[in-house]
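Novice: no letters, just coordinates:
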Ligand code: P6P
């Protein structure tokens, strides 16, 4: 039958407190609901966009809003989450001023432009401990990635997978749809020593700097290209098979496209705990001092032997 997420968390192999364990379970419960909604968009007629434009200037898909509400409700019920920053909301949402112990920055549904064509999408969470008695506002969410205590992501694909990274290591789980429980599939997930793939949108080639073009050409000389256009799907494949994901700055997006607080930081935390590295130029992503909730950053995530010397 396999060990469930809750059983593994109870086994206390993870050196994290009960509140953080309960938050991870809340993410799992929320993702079971999101998976069900995603699987029915054609049947329920919930595909497509709401017509609204979010703070990113992107079209809001129906499921973007639903996923955001599902996870906000899950964290509200949990009671241990002080404040949540979300790709879908301009400002942080205070959930529990008095008893909240953790802060979360999340992308509730990454890659949502792919939903209507049944391509894998995901949910991404960075989790930080609340500093004693800190006032809760957007600034309290702006913590360095290195201060995260956990990072979690869910891939809604041919199967629904969850990856949990803490200082105790990285575990992966697969959703048993019959039991509506996540079953552990790897209790010590590590990047393979050798890389197989690299992921980049070649459509932006003409807008890349000469240095970026040099880096990509070098990757092309030794790795196979795989690019889905859904961050979490590209990242997860490269984590399991070994490889490099790169979303660089370009003329159109001088700070890159992806967001620091709820995409780059959580995934840089995961990959570092799995033996890899995440950089933005010469800097480790986890050392970037955030300035705003939705700030973007160029990013390269992958095997250390390939990534760490790219800008030397
Ligand atoms: P492009 C999806 O819209 C997303 O935010 C990420 O999931 C994905 O990695 C990236 O944008 C794809 O961007 O410019 O290659 O279409």
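Specialist: Yes, it's here. What you see is a predicted model; the values in this text were computed from it and never measured.

Novice: report pLDDT for the residue of the chain positioned farthest from its centre.
Specialist: Relative to the centre of the chain, the most outlying C-alpha is that of residue 210, 28.9 Å out, by C-alpha atoms, centre = their mean. The score at residue 210 is 96. That number is its pLDDT.

Novice: check the gap between it and the ligand for me.
Specialist: 20 Å (C-beta to the nearest ligand atom, to the nearest Å). From N, CA and C alone the C-beta is placed, and that goes for glycine too.

Novice: the ligand contacts on this structure?
Specialist: 110, 111, 113, 201, 229, 230, 231, 257 (C-beta under 6 Å from any ligand atom).

Novice: what's the helix or strand for residue 309?
Specialist: Per DSSP states H and E: residue 309 is located in neither a helix nor a strand.

Novice: next, count neighbours for it.
Specialist: Applying other C-beta atoms under 10 Å, we find 8 residues neighbouring residue 309.

Novice: one more: residue 78?
Specialist: 21.

Novice: roughly how far apart are it and the ligand?
Specialist: Residue 78 sits 26 Å away from the ligand, going by C-beta to the nearest ligand atom.

Novice: setting the sequence-adjacent residues aside, check what's closest to that residue.
Specialist: Nearest residue to residue 78, sequence neighbours excluded (C-beta to C-beta, 6 or more residues apart in numbering): residue 26, at 4.3 Å.

Novice: I'd say that neighbour and residue 76 touch.
Specialist: No. Between residue 26 and residue 76 there is no contact under C-beta atoms under 8 Å: 9.5 Å.

Novice: so those two - more neighbours on which side?
Specialist: Comparing residue 26 with residue 76 by other C-beta under 10 Å, the one with more neighbours is residue 26, at 21 against 14.

Novice: now do the contacts for that one.
Specialist: Each residue near residue 26 by C-beta atoms under 8 Å, 6 or more residues apart in numbering is listed here: 74, 75, 77, 78.

Novice: one more pass at 7 Å, please.
Specialist: Contacts for residue 26 (C-beta atoms under 7 Å, 6 or more residues apart in numbering) come out as 74, 75, 78.

Novice: those in helices, which ones?
Specialist: Under the assignment DSSP state H, the contacts of residue 26 contribute 74, 75, 78 to helices.

Novice: does the first one really touch residue 30, like I thought?
Specialist: Same thing as residue 74. Yes. Here residue 74 reaches residue 30: they are 4.0 Å apart, a contact under C-beta atoms under 7 Å.

Novice: and those two? which has more neighbours close in?
Specialist: Legend: neighbour count by other C-beta under 10 Å for residue 74 and residue 30, higher for residue 30 (25 against 19).

Novice: by contact count, what packs against the host helix or strand of residue 68?
Specialist: Counting by DSSP H and E, the element that carries residue 68 is helix 62-78. In terms of contacts (3 or more C-beta pairs under 7 Å, 6 or more residues apart in numbering; DSSP states H and E), helix 62-78 is packed against helix 18-39, strand 81-86, strand 102-110.

Novice: out of these, flag the one nearest residue 169.
Specialist: For these, the distance to residue 169 is smallest for helix 18-39, at 13.8 Å, taking C-beta to C-beta.

Novice: can you list the buried residues in the helix or strand following that closest one?
Specialist: Using DSSP H and E, the helix or strand that directly follows helix 18-39 along the chain is helix 41-44. By 16 or more other C-beta atoms under 10 Å, the buried positions in helix 41-44 come out as residue 41.

Novice: got it, and stretch 51-59?
Specialist: Neighbour-count burial for stretch 51-59 [16+ other C-beta under 10 Å]: residue 54.

Novice: and that stretch, how far from the chain's centre?
Specialist: Offset of stretch 51-59 from its chain centre (C-alpha atoms, centre = their mean, to the nearest Å): 20 Å.

Novice: mind checking the end-to-end distance for it?
Specialist: Start-to-end span of stretch 51-59 (C-alpha to C-alpha, to the nearest Å) is 7 Å.

Novice: one more: stretch 277-296?
Specialist: 18 Å.

Novice: kindly report the same for stretch 184-191.
Specialist: The straight-line separation of the ends of stretch 184-191 (C-alpha to C-alpha) is 17 Å.

Novice: what segments of the stretch 51-200 of the chain are helices?
Specialist: Along the stretch 51-200 of the chain, the segments classed as helices by DSSP state H, counting those that start in this stretch run 62-78, 138-141.

Novice: most tightly surrounded among the ones you listed?
Specialist: Highest mean neighbour count among these (mean count of other C-beta atoms under 10 Å): helix 62-78, with a mean of 20.

Novice: what's the angle between it and helix 18-39?
Specialist: Inter-element angle recorded for helix 62-78 and helix 18-39: 150 degrees (by axes from the mean of the first three to the mean of the last three C-alpha atoms, to 10 degrees).

Novice: wait, residue 223 touches residue 199, no?
Specialist: No. Contact between residue 223 and residue 199 fails when scored by C-beta under 7 Å: they sit 9.4 Å apart.
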